[in-house]
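Chemist: fold the following, please.
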Amino acid sequence: QRQFVESGGGLVQPGGSLRLSCVASGFSLDGYAVGWFRQAPGKDHEGVACSLKDGTARYMDSVKGRFIISRDNDKNTVYLQMNSLQLEDEGIYYCAYGAVVVAWSFGQAPPYEYDHWGQGTQVTVSS
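Modeler: Purely as a prediction, here's the structure:
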């Protein structure tokens, strides 16, 4: 069974940093586009960052220069380094792979058809 386990979220003050991790099991991430999405209460999942098969990274406009996505295929893990966190960055962060990531990278807006969301990791930004 293909699944992700996200971790690393928490409570942080505005301007703080967090590093999220996402470990995949049941398959190899190598060869897939992978990405991070987030969901605020009452809203659809929105794409935050992705790493495409060719190594290209893309980001939503509001996180450019603050977030960095990386991947370690040997560890089957995707990371999201989040710096200078802002109140609007709050939400549950999920990782995803494959077609939904590619679709977001080409500008497809939510909602997304994707049946493999994990439990996510909560990011709370508060002073």
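Chemist: neighbours around residue 65, how many?
Modeler: When neighbours are defined as other C-beta atoms under 10 Å, residue 65 has 10 of them. Yep, even glycine has a C-beta here, placed from its N, CA and C like the rest.
Chemist: tell me where this protein has helices.
Modeler: With DSSP state H, the ranges of helices along the chain come out as 99-105.
Chemist: per-residue pLDDT, the most centrally placed residue in it?
Modeler: Among the residues of the chain, the one closest to the centroid is residue 36, at 1.5 Å (C-alpha atoms, centre = their mean). Among the per-residue scores, residue 36 holds a pLDDT of 98.
Chemist: in the sheet, who's paired with it?
Modeler: Note on residue 36: beta-bridge partners residue 49, residue 95, judged by DSSP bridges.
Chemist: which residues sit in contact with it?
Modeler: Counting by C-beta atoms under 8 Å, 6 or more residues apart in numbering, residue 36 makes contact with 20, 22, 47-50, 69, 78, 80, 93-96.
Chemist: rerun at 10 Å
Modeler: Neighbour list for residue 36: 6, 20, 22, 47-51, 59-60, 63, 67, 69, 78-80, 82, 93-96, 101 [criterion: C-beta atoms under 10 Å, 6 or more residues apart in numbering].
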